[in-house]
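Enquirer: Got a predicted model here, sequence first, then my questions.
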Amino acid sequence: MKAVILAGGLGTRMKDLTKDTPKPMLSIAGKNLIEYKIDILDEKFDEVVIVVGYLKDKIISYFGNEFKGKKITYVEQEVLNGTGGALWLCKDLLKEKFVVMMGDDIYAKECVEEACKYDWALVARERKNSSPIGRIDVTADGKLIGVIEGDTSETGLINTGLYVLQPQIFNYPLVKLTGKEEFGLPQTLVQAVNDYDIKVVTCNNWHQVTCPEDLLTTSY
């Protein structure tokens, strides 16, 4: 099984920390953010596909072609056109069920294992504040309905950016984000809800790194 890590972004909100270091290579407790993700992948994962872009050589030189017993493959995202655009660059490599993770977040092993029980899954977390963010709408039995962008509700589920997908995802057209030259992966995934059951797995053990302070406020 393959895991895809989207690690091509500029990380501008990290300020000077990403001047010479790509955001997914920033460290917490002596381990970089990509390595945290590789470490939670069990033996069923034999290959990790890393989508690189900004300062790509820093990532490639660290992980090489094999890291901790897993084959590492790189795909370059020359135009930073969103999470959807990044994943679509990998489609020729993904011929069976696969996992997608954001390069700058930390996930728990149990979240990946639970999501992998399903053919299609999106991992969500209960929201902790009313900051504008994409809210996940689900059915009573936990299936994905849609994504509401910019929602400011104080309760509900938000997307962690961890997915279990099938190659059929590439049969759907990429969805462009309003007002941006980017294509969104969750927005594109919503098109599949009429054809497949997409399980929404709730897992609150997720650490999102969005600013320098987030490198100091995690228990990992």
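Expert: Yep, that arrived.

Enquirer: drop to CA atoms for contacts and neighbour counts, all remaining ones
Expert: Noted.

Enquirer: ok, G161 to V201 distance?
Expert: 12 Å (CA to CA, to the nearest Å).

Enquirer: Could you name every residue contacting both of these two?
Expert: 122-124 (CA atoms under 8 Å, 6 or more residues apart in numbering).

Enquirer: Now pLDDT and secondary structure too, for these, in CSV please.
Expert: As requested, those are arranged in CSV below (pLDDT from 0 to 100; DSSP: H, G, I helix; E, B strand; the rest coil):
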residue, pLDDT, secondary structure
L122, 97, strand
V123, 97, strand
A124, 95, strand
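
Enquirer: could I get those residues as JSON lines with distance to K2 and neighbour count?
Expert: Shown next, in JSON lines, are the shared contacts of G161 and V201 (distance: CA to CA, whole Å; neighbours: other CA atoms under 10 Å):
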{"residue": "L122", "distance to K2": "16", "neighbour count": "26"}
{"residue": "V123", "distance to K2": "17", "neighbour count": "25"}
{"residue": "A124", "distance to K2": "21", "neighbour count": "23"}
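
Enquirer: Kindly reformat the residues you listed as CSV containing distance to G103.
Expert: Below are the shared contacts of G161 and V201 laid out as CSV (distance: CA to CA, whole Å):
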residue, distance to G103
L122, 16
V123, 15
A124, 17
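
Enquirer: Not counting stretch 59-79 itself, show me its contacts.
Expert: Stretch 59-79 has contacts (CA under 8 Å, 6+ apart) with 8, 22, 25, 45-53, 56, 86, 89-90.

Enquirer: Swap in 10 Å and give it another go.
Expert: Contacts of stretch 59-79 with the rest of the structure, by CA atoms under 10 Å, 6 or more residues apart in numbering, involve 2-9, 21-22, 24-25, 34-35, 38-39, 41, 43, 45-54, 56-57, 85-90, 93, 182.

Enquirer: what about it, start to end distance?
Expert: 18 Å.

Enquirer: likewise stretch 9-27?
Expert: 16 Å.

Enquirer: Would you map the helices across the chain?
Expert: Counting by DSSP state H, the chain has helices at residues 33-39, 56-63, 82-88, 109-115, 185-189.

Enquirer: which secondary structure elements does the last one contact?
Expert: Going back to what we said before, that points to helix 185-189. Counting contacts by 3 or more CA pairs under 10 Å, 6 or more residues apart in numbering; DSSP states H and E, helix 185-189 packs against helix 82-88, strand 133-138, strand 144-151, strand 157-165, strand 175-176.

Enquirer: And the first one, what does it pack against?
Expert: Contact here means 3+ CA pairs under 10 Å, 6+ apart; on that basis helix 82-88 packs against strand 2-7, strand 47-52, strand 70-76, strand 175-176, strand 183-184, helix 185-189.

Enquirer: what is the mean pLDDT for that helix?
Expert: Averaging pLDDT along helix 82-88 yields 97.

Enquirer: same thing with the third one?
Expert: For strand 144-151, mean pLDDT rounds to 82.

Enquirer: Buried residues in that strand, which are they?
Expert: Burial within strand 144-151, assessed by neighbour count using 16 or more other CA atoms under 10 Å, is assigned to 144-147, 151.

Enquirer: Also the fourth one?
Expert: Of all the residues in strand 157-165, those buried under the rule 16+ other CA under 10 Å are 157-165.

Enquirer: Rebuild these as a markdown table, extending it with pLDDT.
Expert: Below are the buried residues of strand 157-165 laid out as a markdown table (pLDDT from 0 to 100):
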| residue | pLDDT |
| --- | --- |
| L157 | 93 |
| I158 | 91 |
| N159 | 92 |
| T160 | 93 |
| G161 | 94 |
| L162 | 97 |
| Y163 | 98 |
| V164 | 98 |
| L165 | 98 |
